[in-house]
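Chemist: fold the stuff below for me.
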Amino acid sequence: MALILVVDDSPSELFVLTKILEKHDHQVITAENGELALDLAKSKHPGLILMDVVMPNMNGFQTTRQLSKDPATSDIPILIVSSKDQDTDKLWGLRQGAKGYISKPIDEGLLVYEVNKFLGFSQ
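Modeler: As a prediction, this is how the structure comes out:
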């Protein structure tokens, strides 16, 4: 269906998100940090990016801001998927350029709904 970039420094989170997305016929590429995410977003141009926030070096907010300001990647919707679940975190994520925000632990139904919404698939 679509190519989705999943960005998370946790191998277990990458595994869970990849399995959910693949179960729904999406192709998944992964990045363990913000720097790799920037490179993959530019070279592979996925249809959607799922972005963790808490990562070493470049966090998800910083990565989202760079992706949303770069003309080469600004058209890729970013859905933040994070354990940071305060309203201020969500607001800050949206201000950095994310189009949506889901809190961990992941609810598979909500994740699939949001992914389909951002990819333009009917529900």
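Chemist: in stretch 93-105, what's buried?
Modeler: When burial is assessed from 16 or more other Cβ atoms under 10 Å, stretch 93-105 yields the following buried residues: 93, 96-104. Just so you know, the C-beta spots here come from the backbone N, C-alpha and C atoms, and that holds for glycine as well.
Chemist: quick one: mean pLDDT for it?
Modeler: Averaged over stretch 93-105, pLDDT sits at 96.
Chemist: helix, strand or coil: sort out the residue nearest to the spatial centre of the chain for me.
Modeler: Nearest residue to the geometric centre of the chain (Cα atoms, centre = their mean): L50, 1.2 Å. Following DSSP: H, G, I helix; E, B strand; the rest coil, the label given to L50 is strand.
Chemist: spell out, range by range, the strands that occur in this protein.
Modeler: Secondary structure of the chain (DSSP state E): strands located at 3-7, 27-31, 48-51, 78-82, 100-103.
Chemist: highest mean neighbour count out of the ones you listed?
Modeler: strand 48-51 (a mean of 28; mean count of other Cβ atoms under 10 Å).
Chemist: would you give the sheet partners of that strand, along with the direction of each?
Modeler: With DSSP bridges as the test, strand 48-51 is paired with strand 3-7 (parallel), strand 78-82 (parallel).
Chemist: what about it, distance to the chain center?
Modeler: Distance of strand 48-51 from the chain centroid (Cα atoms, centre = their mean, to the nearest Å) equals 2 Å.
Chemist: run through who's touching that strand.
Modeler: Applying Cβ atoms under 8 Å, 6 or more residues apart in numbering, the external contacts of strand 48-51 come out as 2, 4-8, 17, 37, 41, 60, 63-64, 67, 76-82, 98, 115, 118-119.
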